[in-house]
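Below are the sequence and a predicted model for it; my questions follow.
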Amino acid sequence: MRWLIVLLLAIGWATGASAVDLEGEALARYHELNAELRCLICQNRSIAESDAPLAQDLRAVVAGQIAAGRSDAEIKQYLVDRYGEWVLYDPPLNANTIILWAGPFVLLALGLLVVFVIMRRRRDSADTAPAVDRERLSRLLDAEAQRGAADDDDSSREHS
């Protein structure tokens, strides 16, 4: 049975035609799986969108696997075994992919922490600035008052 599928795939690749004709539900599964699998060459496109030769080969493999009666999970696992989890657009949560899943949230938390620290420092510096300004103003007024009192004493002495 496997040699027949391989033969059909080889003929399809050689002629440029699809090796397996899919209809109905199988065709819908084929399109859905192709949209869920990443082109390993393009990297930001699915194998359904890519024109790369590897994407064409992967589409033929998916069609052959569907025709062989494999489930979606079996087909994905087959491709993961051969190409790694990178082939999946939605990789599972495990030790290898924890950075993919947690990374955006960690970066968001760090960004919010930086914004919070910056805003707090600005608020603290804004709160201390008026107190420093009031203290300086008070010293200047005291100094001016003392000069004014000294000038008054000098003027009263001159008039006497």
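All right, it came through fine. Bear in mind the structure is a predicted one, so any value in this text is a computation, not a measurement.

how close does Gly111 get to Asp124?
Gly111 sits 21 Å away from Asp124, taking Cβ to Cβ, to the nearest Å as the criterion. Every residue, glycine included, has its C-beta placed from N, CA and C.

swap that for Pro91, sorry
To Asp124, Pro91 is 44 Å away according to Cβ to Cβ.

Look at the two and report which has more neighbours.
Neighbour tally, Pro91 and Asp124, criterion other Cβ atoms under 10 Å: the higher count belongs to Pro91, 16 against 10.

Could you look up the next helix or strand downstream of the helix or strand bottoming out on mean pLDDT in the chain?
The weakest-scoring helix or strand in the chain, judged by mean pLDDT, DSSP states H and E, is helix 2-15 (a mean of 54). For helix 2-15, the following helix or strand on the C-terminal side (DSSP states H and E) is helix 24-36.

What average pLDDT does the helix or strand just after that following helix get?
Sequence order places helix 53-67 as the next helix or strand after helix 24-36, per DSSP H and E. Helix 53-67 comes out with an average pLDDT of 93.

Centre of the chain to the helix or strand following helix 53-67, how far?
Counting by DSSP H and E, the next helix or strand C-terminal to helix 53-67 is helix 72-83. From the chain centre to the centre of helix 72-83 is a distance of 25 Å (Cα atoms, centre = their mean, to the nearest Å).

ends of stretch 41-58, how far apart?
12 Å (Cα to Cα, to the nearest Å).
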